[in-house]
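**Student:** Here's my sequence, what's the structure:
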Amino acid sequence: MSASSDADVAMLLDMRSHLSIVHHLPGRIRLRLGPALWRRATQVNSSVVRQIVTRLEGIHDVRVNAAVATVVIEYDPKQVQPEHWETLVRGDAEAAGLVLNQWLARYGHLFRNTINEKE
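**Tutor:** Okay, here's the model as predicted:
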């Protein structure tokens, strides 16, 4: 893994402390963003985030509710394992890191391509 990928994983793992699962059924998860993460999120172009996330295989829709700082993600549980969400948000750092590394290996190019398109 490259130093860049290591930094990406470390940054994403750090963000977990600012996330909580409000509600989760296979196929739909609602995440609450803590104040520190919400402040950072409001500085990001939401259309870019939506473009990245909806490109992920199995993600159908992403909706942000700014009034209550939540994000709803609708996904296909046959393509995105429901327990991965639980691991990413609530699991220990090692297990979450493994899931993040799998996702970055599979989808990392989408993040880089979208960022490069905006430059």
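**Student:** Against Asp61, how distant is the residue nearest the centre of the chain?
**Tutor:** The C-alpha lying nearest the average C-alpha coordinate of the chain belongs to Val53 (C-alpha atoms, centre = their mean; 7.5 Å). As judged by C-beta to C-beta, to the nearest Å, Val53 and Asp61 stand 9 Å apart. (C-beta placed from N, C-alpha, C; glycine too.)
**Student:** what is in contact with the two at once?
**Tutor:** When C-beta atoms under 8 Å, 6 or more residues apart in numbering defines a contact, the residues bordering Val53 and Asp61 alike are Ile73.
**Student:** hang on, the earlier thing: you'd agree the residue nearest to the centre of the chain is in a strand?
**Tutor:** No - assessed by DSSP: H, G, I helix; E, B strand; the rest coil, Val53 does not belong to a strand; its assignment is helix.
**Student:** So for it, what's the pLDDT?
**Tutor:** Per-residue confidence for Val53 comes out at a pLDDT of 72.
**Student:** so it sits right up against Val72, yeah?
**Tutor:** No - here Val53 does not reach Val72: they are 11.4 Å apart, not a contact under C-beta atoms under 8 Å.
**Student:** between the two, what contacts are shared?
**Tutor:** When contacts are counted by C-beta under 8 Å, 6+ apart, the set common to Val53 and Val72 consists of Val62.
**Student:** What sits closest to the residue nearest to the centre of the chain if chain neighbours are left out?
**Tutor:** The spatially closest residue to Val53, leaving aside those adjacent along the chain, is Val62, at 4.8 Å (C-beta to C-beta, 6 or more residues apart in numbering).
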